[in-house]
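> Pasting the sequence and the predicted model now:
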Amino acid sequence: MKLIKNIFLTFILAVIAVSCVTKVAYTKPDLQLPEDFRFTATADTASVANLQWKDFFKDPILQGLIEKGIANNLDLQIALKQVASSQEKLLQAKYLQYPDVGFTVSGQISRPSKNSMNGQSLNLFIGKNHVEDYNAAFNLSWEADIWGKIKNQQEVSRMQYLQTYEATKAIQTQVVAAIAQGYYNLLMLDKQMDIAKSNLELSSNTLSITEKMWESGDTTSLGVQQATAQKQSTELLISQLEQNIAIQENALSILVGEAPNKVTRGIELSDTSLSQDLSAGLPAKMVSRRPDVRQQELVLLESNSLVGIAQANMYPSLKITANGGINSFKFDNWFQIPASLFGSVLGGITQPIFQKRQLKTDLAVAKIQREKNVLAFRQSVLNAMGEVSDALVSNESLKVQEQKATEQVTTLKDGIKSAQMLYKGGLANYLEVITAQANSLQAELNLASVKRQRLSSIVDLYRALGGGWK
């Protein structure tokens, strides 16, 4: 008996020693990140993404919309519910190391055949043709975490919880950026509406002058028709802008979790400004800041723990079961204590030998999945780097475009004045006036669009760097 006990203790110590060796260590993939982003003049450790969104967006109306979106956006609310669900699973995982305990109450009556051996034995020894059995017992089952399988299962639950948390932050960055983009698009449409209405007034004046000149015989009916068509084109544009404004207001209302409604605006597009200090910071900091990249790394950490679980399943498992309670073959004396008390304890070691290669396959698949997640993590980093570089080059390019578009608008407005003076003096025809007005209208609409695109590129950079969830 003493020899068996010593062998058992030696086996347990050996198992514990090997368990330290079989633990799967995590090594972060070498991402080979550059020192700075493309299209940045110098590498700066500071980043605009470190700003809280309230500090980045100064417009109080936009701040109010973002606050509503964070509180009421349904996609964000769904993500928060997923976090709560994962939190419950994480709490449950903390109890995996404890034994399973249950309580069972049962009663059984068996009546064997009178011609069977059991039937004749019952009649001979207890004088009955049936046997009763009443049982009330606690049952316990516990598996020793020799190979770290339970610890890895707990780690999987923790990684899954953190993934949902990072996913929520990623959705918030998207919601904040989408609200800002929608708001700036609405301001652009308002500006284009003002431009169109101003041009409509100008077209009406041109039509009035052309009609008077036609009445006096200084021009043809074709000139009146062309001036009328120009005015109708502007009226059509106004109708289209009204439609786009209503649709954008509806989309923005839904983003903030409200029914489609009118959205209040307190400023014009020309009065809107964002931070011009657009330092991108270092790529390594962006990787740790962006929630979607961090989420993908957590997926990799989860797969690493799953490899540990698959590996532990191939080794022996030590299980201990116990049960105890009261048992009797008569109901009358079922609760007689201590006569009805019983108990048993069983400990066993099980080593899988042949399971149709299932365990080996599970381990191989888990390792392949980990390799896939390494690639997915690297891809997420590359995508993030690309988004930052795209936003940087767009912002720099749009600076130049805005300046050129502003100069073009000034030139074409001067051209309208010149064309009108020449037309009144008979030195220019109606087509030159209409062309000058059409070119000026298009240039002003384009300038408003460029301004909105530049604001959007700044918002894109803020989001791409991982800003918006603080």
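Received the coordinates, thanks. Nothing here was measured: the structure is a model prediction, and the numbers come from that model.
> Following element in sequence after the helix or strand harbouring Lys404, please.
In this assignment (DSSP states H and E), Lys404 forms part of helix 358-424. The first helix or strand that comes after helix 358-424 along the chain, using DSSP H and E, is helix 430-464.
> pLDDT of that next one, averaged?
Average pLDDT, helix 430-464: 85.
> what angle do that helix and helix 358-424 make?
Going by axes from the mean of the first three to the mean of the last three CA atoms, to 10 degrees, helix 430-464 is angled at 150 degrees with respect to helix 358-424.
> Enumerate the positions of helix 430-464 that are buried.
Buried residues in helix 430-464, counted by 16 or more other CB atoms under 10 Å: 430, 432-441, 443-445, 447-464. The way it works is simple: take the backbone N, C-alpha and C, and place the C-beta from them, glycine included.
> Going by contacts, tell me the helices and strands next to it.
Judged by 3 or more CB pairs under 8 Å, 6 or more residues apart in numbering; DSSP states H and E, helix 430-464 is in contact with helix 149-215, helix 221-255, helix 358-424.
> Would you mind saying which of those lies nearest Leu301?
helix 149-215 (5.0 Å; CB to CB).
> Which strands or helices does the closest one pack on?
Using 3+ CB pairs under 8 Å, 6+ apart, helix 149-215 sits against helix 60-72, helix 74-93, helix 221-255, helix 291-312, helix 358-424, helix 430-464.
> Would you mind giving these as TSV with distance to Lys470 added?
Below are those laid out as TSV (distance: least, CB to CB, whole Å):
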stretch	distance to Lys470
helix 60-72	11
helix 74-93	15
helix 221-255	19
helix 291-312	11
helix 358-424	17
helix 430-464	11
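> These: which one's closest to Ile349?
Nearest to Ile349, of all these, is helix 291-312, at 14.1 Å by CB to CB.
> The closest one vs helix 358-424, what angle?
Using the same axes, to 10 degrees: helix 291-312 against helix 358-424 is 170 degrees.
> Return the list of strands paired to the next helix or strand after helix 291-312, each annotated with direction.
Remark: after helix 291-312, the chain's next helix or strand is strand 317-328, criterion DSSP H and E. Next to strand 317-328 in the sheet, as set by DSSP bridges, lie strand 131-143 (antiparallel), strand 341-350 (antiparallel).
> Show me which residues of strand 317-328 are buried.
Neighbour-count burial for strand 317-328 flags 317-318, 321-323, 325-326, 328 (criterion: 16+ other CB under 10 Å).
> Name the nearest of these relative to Ser116.
Checking these against Ser116 by CB to CB gives Ser328 as the nearest, at 23.8 Å.
> so how far is Val105 from the closest one?
Distance of Ser328 to Val105, computed by CB to CB, to the nearest Å: 13 Å.
> And Met159, by the same measure?
Distance of Met159 to Val105, computed by CB to CB: 40 Å.
> Between these two, point out the one with more neighbours.
Ranked by neighbour count (other CB atoms under 10 Å), Met159 and Val105 place Met159 first, with 22 against 10.
> quick one: the closest residue to that one other than its chain neighbours from Leu382, how far?
Spatial nearest neighbour of Met159, chain neighbours left out: Glu302 (3.8 Å); criterion: CB to CB, 6 or more residues apart in numbering. According to CB to CB, Glu302 stands 21 Å off from Leu382.
> for Asn244, same thing?
Separation of Asn244 from Leu382 (CB to CB) stands at 35 Å.
> Tell me which of those two has more neighbours.
Asn244 (16 against 12).
> Against Asn185, how distant is the more buried one?
Asn244 sits 9 Å away from Asn185, taking CB to CB as the criterion.
> how about the closest residue to Ala339 other than its chain neighbours, phi and psi?
In space, and not counting its chain neighbours, Ala339 is closest to Asn333: 7.0 Å by CB to CB, 6+ apart. When quoted as degrees, to the nearest 10, the phi and psi of Asn333 stand at phi -110, psi 20.
> how many other residues sit next to Asn333?
Number of residues near Asn333 (other CB under 10 Å) recorded here: 12.
> residues in contact with Ile337?
Ile337 makes contact with Ile326 under the criterion CB atoms under 8 Å, 6 or more residues apart in numbering.
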